[in-house]
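**Q** predicted model and sequence follow; I will ask about them next.
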Amino acid sequence: MTEISGKEKVRVLLAQALYGNPDILLLDEPTNDLDVETITWLENFLADFQNTVLVVSHDRHFLDTVCTHVADIDFGKMQLYSGNYTFWYESSQLALRQRGDQNKKVEDKRKELQDFVERFSANASKSRQATSRKKLLEKLVVEDIPASTRKYPGIIFRPDRDCGDQLLRVEGLKKVSNEGLVFFKDITFSMDKGDKIAVISKERRAVTSFFQIITENETADTGTYEWGTTITRSYLPNDNAAFFKESLSLIDWLRQFSKEKEESFVRGFLGKMLFSGEESLKMSTVLSGGEKVRCMISRMMLTNANCIILDEPTNHLDLESITAFNDAMVDWKHIALFSSHDHAFTHTVANRIVELTPGGIIDRRMTYDEYLEDTTVQELRSRMYGDLITA
């Protein structure tokens, strides 16, 4: 066990948990560090599992596939709902809207009665009506809506300029790891306007290496790439440790990436990512993984770039932040390259899939689900990976 990778350890621990057909299976973030094939296998296994499963997960597709009920902890209590995650989410949002609409109607009625009382209370002919309306007004009660514990960050990307005709051209890129593993080779493609490309690979490090190359943080073994002159990039790396080595308050941390140095301006971007009041004075060296990612998103929003590059953006984020990030990327009208193990994120955002393999590139303009279900693509994948493991 001490010699295997984190991804392999998760698979061993899963085997340990599943072994012996337990009466109750408890899974805490079981999809972390798993590839799509293993997650799909686990989804199918749990869908057929006859006993009880209690699962905590930030993977919405996984929850939709596996869960028959959702236990929602909010408003200081737990409530059980029938249905999967999407059904619960849409139902809870609808209930909250209906509650708000009902209170708005009560408030409107209250205002109407109040106006009548104020206008006619001194009018003798209308005094009886005014008194009656006043009594009715006293009976009107606006139901208090308890404050939800859920907070959704405001993720809004606004580019300074549109992309020109020349975006990104990649020609013959190849990268081999230090131990001789071929990450990818013969990677050639061009981006088109509106492309939101999901970059995938069976070898997780290959995707990170590719992003590091095209953002000038790493060098390819062979091949070239060229960005268009109108393109400005904003990159969210998988490993952000290098950005948090200095002990700075979050205001000073974000200020170093901003042209506008006014504290109120910087606080505004931190506030969008739920760092308000005292939270914005936290020191950057004591942040949790999720807080660091939210800081990095604040930094991205400051750049006003027209090309977004994301390497596993949903890692460490809670469901509310993942949902907000997902919605922001669905609304994004410019170009993007990203990788994510979040199935729902990839499927709803990507309009093109590029897979990096030791045998070359697989490039398809389709959704993620279509890519996974395409039999010709899956046959091609088998050939592309094959035995091409070492240089």
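**A** Alright, I've got the coordinates. Numbering: from 1, shown residues only.
**Q** make it CA atoms for all contacts and neighbour counts henceforth
**A** OK.
**Q** helices or strands next to the helix or strand harbouring residue 91 in the packing?
**A** Per DSSP states H and E: residue 91 is located in helix 85-120. Packing partners of helix 85-120 (3 or more CA pairs under 8 Å, 6 or more residues apart in numbering; DSSP states H and E): helix 60-66, strand 69-74, helix 127-139.
**Q** got the angle between that helix and strand 69-74?
**A** 40 degrees (axes from the mean of the first three to the mean of the last three CA atoms, to 10 degrees).
**Q** what pLDDT, on average, does helix 85-120 get?
**A** For helix 85-120, the mean per-residue pLDDT is 75.
**Q** for residue 27, what are its contacts?
**A** 53, 54, 55, 56 (CA atoms under 8 Å, 6 or more residues apart in numbering).
**Q** look up how far residue 318 lies from it.
**A** 17 Å (CA to CA, to the nearest Å).
**Q** out of the helices and strands packed on helix 85-120, which gets the lowest mean score?
**A** helix 127-139 (a mean of 64).
**Q** sorry, back to before: restricted to strands, list the contacts of residue 27.
**A** Members of those lying in strands (criterion: DSSP state E): 53, 54, 55, 56.
**Q** for the last one, which non-adjacent residue is closest in space?
**A** This means residue 56. residue 28 (5.0 Å; CA to CA, 6 or more residues apart in numbering).
**Q** surely the one you found and residue 53 touch.
**A** No - judged on CA atoms under 8 Å, residue 28 makes no contact with residue 53 at a distance of 10.8 Å.
**Q** among these two, which residue is more densely surrounded?
**A** Taking neighbours as other CA atoms under 10 Å, residue 28 and residue 53 compare with residue 53 leading, 16 against 11.
**Q** immediately after the least confident helix or strand in the chain by mean pLDDT, which helix or strand?
**A** The weakest-scoring helix or strand in the chain, judged by mean pLDDT, DSSP states H and E, is helix 127-139 (a mean of 64). For helix 127-139, the succeeding helix or strand toward the C-terminus, using DSSP H and E, is strand 168-176.
**Q** in that following strand, which residues are buried?
**A** By neighbour count on 16 or more other CA atoms under 10 Å, the buried set for strand 168-176 is 168, 170, 171, 172, 173, 174, 175, 176.
**Q** checking the closest residue to the third one other than its chain neighbours next. Helix, strand or coil?
**A** Translated: residue 171. Using CA to CA, 6+ apart and skipping the chain neighbours, the partner closest in space to residue 171 is residue 188 (4.4 Å). On the three-state scheme (DSSP: H, G, I helix; E, B strand; the rest coil), residue 188 is labelled strand.
**Q** so what's residue 18 closest to, chain neighbours aside?
**A** Nearest residue to residue 18 in three dimensions, chain neighbours excluded: residue 25, at 7.5 Å (CA to CA, 6+ apart).
**Q** show the low-confidence segments of this protein, by residue range.
**A** For the chain, the stretches with pLDDT under 70 are 103, 116-117, 120-148, 387-391.
**Q** and it, what are its domains?
**A** The chain breaks down by automatic domain parsing into domains covering 6-67, 168-385.
**Q** okay, these, which one's buried deepest?
**A** Highest mean neighbour count of the domains of the chain: domain 168-385, a mean of 18 (counted as mean count of other CA atoms under 10 Å).
**Q** please compute how far the helix holding residue 91 lies from its chain's middle.
**A** 31 Å (CA atoms, centre = their mean, to the nearest Å).
**Q** do the same with stretch 54-72
**A** With CA atoms, centre = their mean, you get 16 Å for stretch 54-72.
**Q** could I have it exported to CSV, CA atoms only?
**A** Taking C-alpha atoms only, stretch 54-72 is exported to CSV below (Å, rounded to 0.1, in the frame of the first residue of the first chain):
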residue,chain,number,x,y,z
LEU,A,54,-25.1,6.4,2.9
VAL,A,55,-22.9,8.6,0.7
VAL,A,56,-21.4,12.1,0.8
SER,A,57,-20.2,13.3,-2.6
HIS,A,58,-19.7,16.6,-4.5
ASP,A,59,-20.1,14.6,-7.8
ARG,A,60,-23.7,15.6,-9.0
HIS,A,61,-23.8,13.0,-11.8
PHE,A,62,-22.8,10.3,-9.3
LEU,A,63,-25.5,11.3,-6.9
ASP,A,64,-28.1,11.4,-9.7
THR,A,65,-27.1,7.9,-10.8
VAL,A,66,-26.9,6.3,-7.3
CYS,A,67,-29.2,8.0,-4.9
THR,A,68,-32.9,7.3,-4.3
HIS,A,69,-33.2,9.8,-1.5
VAL,A,70,-31.4,13.0,-0.4
ALA,A,71,-30.9,14.0,3.2
ASP,A,72,-30.7,17.8,3.2
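**Q** coming back round to it: can you classify the residue nearest to residue 18 as helix, strand or coil?
**A** Residue 25 - assigned by three-state DSSP - is strand.
**Q** what residues are bridge-paired with it?
**A** residue 53 (DSSP bridges).
**Q** surely it meets residue 15?
**A** No - between residue 25 and residue 15 there is no contact under CA under 8 Å: 11.8 Å.
**Q** now the common contact residues for the two.
**A** Listed as contacting both residue 25 and residue 15 by CA under 8 Å, 6+ apart is no residue at all.
**Q** coming back round to it: show me which pair in the contacts of residue 27 is furthest apart.
**A** Spanning the widest gap among the contacts of residue 27 are 53 and 56, at 10.0 Å by CA to CA.
**Q** circling back to that earlier point, may I have the phi/psi pair for the residue nearest to residue 56?
**A** Main-chain torsions, residue 28, degrees, to the nearest 10: phi -110, psi 100.
**Q** got the contact list for it?
**A** If you count contacts by CA under 8 Å, 6+ apart, residue 28 has them with 55, 56, 57.
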